[in-house]
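Engineer: Fold the stuff below for me.
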Amino acid sequence: MTKIGRAIVVWATMVIMASVSAAYAGIAFLYLTPPNPVKAQHLRTLNAIMHPLLSQNWHLFAPNPIRSNFVLTFRCRVGDTVTAWHDATAPMLSRHHRDRNSPMGRLLRPQNTAMHQVVGLTADEWLPLICRRDPNVPFCRGTDEVTRRQRQTGLFVISRVASAGCDSLVGPQRASAVQARILIHQPPPWSRRHLTSEAGTTRYLPLSWDAYQFWRR
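Structural biologist: Okay, the predicted model is just below:
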């Protein structure tokens, strides 16, 4: 290839990359804006582009900071015995805090998403606006088909996580059933920030026993 040909390829690549980057920046900006008419008009397209691989989470900032911590615990049934409750979240979170380059952050995301789906929390910013106007809409009550499918998916993921935890705890294929429990901890409000996090409240949501799942790698 001649120098002119290489130069054309380099410039064409730079133009394409710059165009794609600019388009993504514009789409991400519109996706992260508060509800507005322009976003409402293109919401389906924005969600199709950003989900699931490019989704953003800005809950660290106002106006919707995260106010609850979710922890997944599990126990296993082996024969006629049942193990104690074990934490599936804290070890992975601790390793993630020690090494931000570890894959723990990505591995925790499906677990956290599944817990939110089971509890019924959603990141849909339009939902509060709609439900405030008409609380009898099926998806405001959690009775619509989409919400039911999301909850079923969340239960499946949680059962799979618990089964993998039982593999590590008692050995592969030794457990016959697993039970998960979601701990929802709310730390003290900002007005009581001088207190320790243990001063908050913790709710326990035990799930039903489910069959152990074993997947071959």
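Engineer: Following element in sequence after the lowest-mean-pLDDT helix or strand in the chain, please.
Structural biologist: For the chain, counting by mean pLDDT, DSSP states H and E, helix 138-141 ranks last in confidence among helices and strands (a mean of 68). Downstream of helix 138-141, the next assigned helix or strand under DSSP states H and E is helix 145-170.
Engineer: any idea of the mean pLDDT in that following helix?
Structural biologist: Averaged over helix 145-170, pLDDT sits at 90.
Engineer: how far away is the residue nearest in space to the middle of the chain from Arg148?
Structural biologist: Nearest to the centroid of the C-alpha atoms of the chain, with distances taken as C-alpha atoms, centre = their mean, sits Thr113, at 2.6 Å. Going from Thr113 to Arg148 by C-beta to C-beta, to the nearest Å gives 16 Å. In this view, the C-beta of every residue, glycine as well, is placed from N, C-alpha and C.
Engineer: Repeat that for Thr201.
Structural biologist: For Thr201, the distance to Arg148 - C-beta to C-beta - is 29 Å.
Engineer: before we move on, the earlier item: name the element the residue nearest to the centre of the chain belongs to?
Structural biologist: Under DSSP H and E, the secondary-structure element containing Thr113 is helix 104-119.
Engineer: got the contact list for that helix?
Structural biologist: The contact list for helix 104-119 (C-beta atoms under 8 Å, 6 or more residues apart in numbering) reads 70, 72, 88-89, 92-93, 95-96, 122-123, 150-151, 153-155, 157-158, 161, 182, 184, 205, 207.
Engineer: can you do 7 Å?
Structural biologist: 70, 72, 88-89, 92-93, 95-96, 150-151, 153-155, 157-158, 161, 182, 205 (C-beta atoms under 7 Å, 6 or more residues apart in numbering).
Engineer: next one: stretch 78-96
Structural biologist: Against stretch 78-96 from outside (C-beta under 7 Å, 6+ apart): 71-76, 102, 104-105, 107-108, 111, 161-162, 165, 169-170, 174-176, 181.
Engineer: Could you report the pLDDT at Met115?
Structural biologist: 92.
Engineer: and what of Ala62?
Structural biologist: 53.
Engineer: again with the one 10 residues further on
Structural biologist: In the prediction, the pLDDT value recorded for Leu72 is 95.
Engineer: count of neighbours near it?
Structural biologist: Leu72: 26 surrounding residues under other C-beta atoms under 10 Å.
Engineer: If it is in a bridge, with which residues?
Structural biologist: Ile182 (DSSP bridges).
Engineer: Going forward, count from 40.
Structural biologist: Fine by me, first position is 40 from now on; the one you just mentioned is Leu111.
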